[in-house]
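K.L.:
Mind folding the following:
(2 chains)
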Amino acid sequence: MAENQFIKLRKEKLARIRALGIDPYPVQSARSHKIAEILADPDGSVENATIFTLAGRLVAMRRQGKIGFGNIEDDSGRIQLYVSKAELGEENYELFKLCDAGDFVQATGTAFFTQTGEYSLRCTCIKLLSKNIRPLPTVKEKIENGRAIRYDEFSDIELRYRKRYLDLLLNPEHRKVFATRSRIVSAIRKFLDSRDYIEVETPILQSLYGGANARPFITHHNTLDVDLYLRIAVELYLKRLIVGGFERVYEIGKNFRNEGMDRTHNPEFTMLESYEAYSDLQGMMDLVEALVKHLATDVIGKDIYRYHGHEVNLAGTWRRAAMADLVQEATGIDVMEATVDKLTAFCTEHELEIPAGSAKGKLIAIIYERFVEHTLIQPTFVCDFPKEISPLAKAKPGNPLLADRFELIIAGGEFANAFSELNDPLDQRERLEAQARLRALGDDEANVVDEDFLEALEYGMPPMGGQGIGIDRLVMLLTENDSIKEVILFPQMKPGN
RNA sequence: GGUCCAGUAACUCAGUGGUAGAGUAUCUGCCUUUUAAGCAGAGAGUCGACGGUUCAAGUCCGUCCUGGAUCACCA
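P.N.:
The predicted structure is shown next:
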């Protein structure tokens, strides 16, 4: 294979380097400055004749007879190296000639400007820190009118996801997305911590799964010889913690759902869930709105985002609307008054699939999802969900058919889900048993009855509000990426060849 | 899962049924301030896989694999 020819040549270079008595993978490196530091104050550096020892990856080589140029990059920046045989000496220059783009090197020297005015490091010594034996894909860049034009960009989507390290290395703007993701998650923690929440970790391996409608992954514990599920949500465990006396808890972690994958779904994804005793739906609405606005304004620094072809404005007061009103607006049907037969007929007419055992509320939700959800572009709290599709939410005060629940919809997609949490143990048991009946009818995403959770409720749980936000989708919005794979470092891919 | 698009050198891509191409990268030579360095030369391919049609297939047909877009379902 041609690949082996490249590698074979590099291995021969390795041997030549070793023959010079040089260890191509030394233990020691001794960096005195990061590249950003030498870049920070060029004039001062020149005057002071400071000696810099930089370390990083050689990203370009331009050899030219008895001199040469290279570019070295660390996580703070990139600078040009000027290397000459006269200043390095015969032996060290011999090593430089054996260096390739992709190698890690340490370069010692002083700052100066080249004839063409580029601020560079005039090297007095080059040390090899790690030899590359597989050539990096070639990406060249030209700066024109202050803008970088990239040639032969590493842009194949499949390769970028499968070889993410190359994507990060060769496409700095993608590295930036993940740095931004980190800042967002960090800001979420600070936001909640400052409101007296504590962060907790609950089991990923569970003998019963719950807290959402989804199919789980199943795994096996050898010593116990039992099958375990990977969690689909953390809800039931966080509620147990509120029973246990914590008043405000949150968890940021991976959930796993054994379902399809597309540009907004990855089998493992990151969720934030938080629960606050003595709060309620209104409290959660305020919390979610304040949190998302804080991230947009203070972390990213803007209110308007382009997302899935829409312009989304996160500023201003977010719309709040009842699901029934939205459905009526879109279809003309007064769903609160309509009979089950009428709704069923409507669904059938529009070829909407009706799962076995669907009651009126489920039908309303089906119509909502088909005709309304994707039309809500600007942030909208959709309230008054049907109770029977909200088995963990309290009934809305004054209307036993509705749940005290909202979903936050932005650009036609769900960003948050929250309710006044159900704390009546007998009601909760009935609701979960209703779910079990749906399950028996073939709904394999319905909740299972968790006796230990019900027992915890029987000991008493304070009234509270809880909410969940899909972090990946939030990062997609805030970094203006339309595919979840762009915000997950190693997205799920089918095994390749 | 349905439909559509794509897969050719390490990277980015041309390729009209008739000898497999370019730029970059790599290798060799020259070059003491270059920067998409330059000049000269060389090597590099299971054209995603398998089957079929044809005198002849990267190209046409079929099946499959992988990715993307879109629709359906889920956050």
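
K.L.:
what's the closest non-adjacent residue to A:Ala322?
P.N.:
Residue nearest to A:Ala322 in three dimensions, not counting chain neighbours: A:Asp384, with 4.2 Å by Cβ to Cβ, 6 or more residues apart in numbering. No exception for glycine: its C-beta is placed from N, CA and C like everyone else's.

K.L.:
again but with A:Glu311, I slipped
P.N.:
The shortest distance from A:Glu311 to any non-neighbouring residue, by Cβ to Cβ, 6+ apart, is to A:Ile304 (6.2 Å).

K.L.:
Can you spell out which residues form a bridge with that neighbour?
P.N.:
Beta bridges link A:Ile304 to A:Asn313, judged by DSSP bridges.

K.L.:
check contacts around it.
P.N.:
A:Glu311, A:Val312, A:Asn313, A:Leu314, A:Ala315 (Cβ atoms under 8 Å, 6 or more residues apart in numbering).

K.L.:
Can I get the buried part of the residues you listed as one ChimeraX selection?
P.N.:
In ChimeraX syntax, the buried subset of those is picked out as below (16 or more other Cβ atoms under 10 Å):
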select /A:312,314
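
K.L.:
how about JSON lines for the contacts of A:Ile304, with distance to RNA strand B and pLDDT added?
P.N.:
Below are the contacts of A:Ile304 laid out as JSON lines (distance: Cβ to the nearest atom of the strand, whole Å; pLDDT from 0 to 100):
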{"residue": "A:Glu311", "distance to RNA strand B": "16", "pLDDT": "92"}
{"residue": "A:Val312", "distance to RNA strand B": "16", "pLDDT": "94"}
{"residue": "A:Asn313", "distance to RNA strand B": "21", "pLDDT": "95"}
{"residue": "A:Leu314", "distance to RNA strand B": "18", "pLDDT": "96"}
{"residue": "A:Ala315", "distance to RNA strand B": "24", "pLDDT": "95"}
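
K.L.:
that older thread, can you tell me the element the residue nearest to A:Ala322 falls in?
P.N.:
According to DSSP states H and E, A:Asp384 maps onto strand A:380-386.

K.L.:
was I right about A:Ile242 contacting A:Tyr275?
P.N.:
Yes: counting by Cβ atoms under 8 Å, A:Tyr275 is a contact partner of A:Ile242 at 5.5 Å.

K.L.:
Give the residue from the two that has the larger number of neighbours.
P.N.:
Shown here are A:Ile242 and A:Tyr275; by other Cβ atoms under 10 Å, A:Tyr275 has more neighbours (26 against 21).

K.L.:
since we're on the closest residue to the more buried one other than its chain neighbours, how many residues are nearby?
P.N.:
Leaving out its chain neighbours, the residue that sits closest to A:Tyr275 by Cβ to Cβ, 6+ apart is A:Gly466, at 4.2 Å. Residues within reach of A:Gly466, counting by other Cβ under 10 Å, total 28.

K.L.:
which residues touch A:Gly466?
P.N.:
When contacts are counted by Cβ under 8 Å, 6+ apart, A:Gly466 touches A:Glu235, A:Leu238, A:Lys239, A:Glu273, A:Ser274, A:Tyr275, A:Glu276, A:Met284, A:Ala418, A:Phe419, A:Glu421.

K.L.:
quick check, it in a strand?
P.N.:
Yes: assignment of A:Gly466 by DSSP: H, G, I helix; E, B strand; the rest coil places it within a strand.

K.L.:
Looking at it now. What's its pLDDT?
P.N.:
Per-residue confidence (pLDDT) for A:Gly466: 97.

K.L.:
Quickly note the distance from the residue nearest to the spatial centre of chain A to RNA strand B.
P.N.:
For chain A, the residue nearest the mean C-alpha position is A:Asp472 (3.8 Å; Cα atoms, centre = their mean). Distance, A:Asp472 to RNA strand B, using Cβ to the nearest atom of the strand, to the nearest Å: 6 Å.

K.L.:
Contacts only, for that residue.
P.N.:
Counting by Cβ under 8 Å, 6+ apart, A:Asp472 touches A:Asn266, A:Phe269, A:Thr270, A:Ile484, A:Val487, A:Ile488.

K.L.:
In terms of helix, strand or coil, where does it fall?
P.N.:
Of the three states, A:Asp472 takes helix under three-state DSSP.

K.L.:
Give the bridge partners for the residue in the stretch 251-400 of chain A positioned nearest to RNA strand B, please.
P.N.:
Using Cβ to the nearest atom of the strand, the closest approach of the stretch 251-400 of chain A to RNA strand B is made by A:Phe269 at 3.3 Å. Under DSSP bridges, the beta-bridge partners of A:Phe269 are A:Asn255.

K.L.:
Make sure it is actually in contact with A:Ile484.
P.N.:
Yes: with contact defined as Cβ under 8 Å, A:Phe269 counts as touching A:Ile484 (7.4 Å).

K.L.:
and stretch A:171-189 with RNA strand B, contact?
P.N.:
No: Stretch A:171-189 lies out of reach of RNA strand B by Cβ under 7 Å from any atom of the strand, never closer than 10.6 Å.
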